[in-house]
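Asks: Just the structure for this:
(chains A and B)
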Amino acid sequence: KAGVTQTPRYLIKTRGQQVTLSCSPISGHRSVSWYQQTPGQGLQFLFEYFSETQRNKGNFPGRFSGRQFSNSRSEMNVSTLELGDSALYLCASSLSGSTDTQYFGPGTRLTVL
Amino acid sequence: AQTVTQSQPEMSVQEAETVTLSCTYDTSENNYYLFWYKQPPSRQMILVIRQEAYKQQNATENRFSVNFQKAAKSFSLKISDSQLGDTAMYFCAFMNRNAGNMLTFGGGTRLMVKP
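Replies: Purely as a prediction, here's the structure:
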């Protein structure tokens, strides 16, 4: 079974631009979670989607948003990029509920210049 | 809110030896899971082991085992017969079963296995 895939793997943007990252979960998984990883703040939870609905949200500004499609694929969008948004963005999928282990994708490395 | 603390930023071990990584957490919840994830230089986060809080028996996966002390809120990872491929960042993570699919991570321990 194929693992979690994320596209693109690397991205360079400039301040003020917006960006969309994509995540395809493991086949059959319906929950997708997003995390931001930076050297300063470590790994932080952004949000979780399940059945096309946002089920949980971390403490990030409204510039960070996401959505999930009927095939469970998810996208996250960051608008008005800031230098501090440079990070590795990790997506994780799980079967459904909070009893399930999350499996991570390889991440998207976003650099904001 | 939960917090997870890994007090050892870096550790090293000789190949074939045993090493223990520490993790403590703070929560008022009683229904939760704990995880160890490994992140090698490739940056892919890989699940190492998982522990359900309601289980008294410590989880084991091949060379990896945990020492789960619920009362002390401690969750250490023991790696036996260390291999060069174990070189990675190791993250301890907490999940409150009543709060959905959200992992709270510790700051990580960088483990170097030396030949």
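
Asks: part of a strand, is residue A:48?
Replies: Yes - under the criterion used here (DSSP: H, G, I helix; E, B strand; the rest coil), residue A:48 sits inside a strand.

Asks: can you pull up the bridge partners for the closest residue in space to residue A:102 that isn't next to it in sequence?
Replies: The shortest distance from residue A:102 to any residue other than its chain neighbours is 3.9 Å, reached at residue A:92 (C-beta to C-beta, 6 or more residues apart in numbering or on different chains). From N, CA and C alone the C-beta is placed, and that goes for glycine too. According to DSSP bridges, residue A:33, residue A:104 are recorded as the beta-bridge partners of residue A:92.

Asks: pretty sure residue A:92 contacts residue A:43?
Replies: No - distance between residue A:92 and residue A:43: 10.6 Å, which falls outside the contact criterion (C-beta atoms under 8 Å).

Asks: Please state the offset of stretch B:22-38 from the chain centre?
Replies: 9 Å (C-alpha atoms, centre = their mean, to the nearest Å).

Asks: For chain A, which residues are neighbours of chain B?
Replies: A:31, A:33, A:35, A:42-45, A:48, A:50, A:55-56, A:58, A:88, A:90, A:92, A:94, A:97-107, A:109 (C-beta under 8 Å from any C-beta of the partner chain).

Asks: Pull out the buried residues from the lowest-mean-pLDDT helix or strand in chain A.
Replies: In chain A, no helix or strand scores lower on mean pLDDT, DSSP states H and E than strand A:53-57, which sits at a mean of 91. Residues of strand A:53-57 classed as buried by neighbour count (16 or more other C-beta atoms under 10 Å in any protein chain shown): A:55-56.
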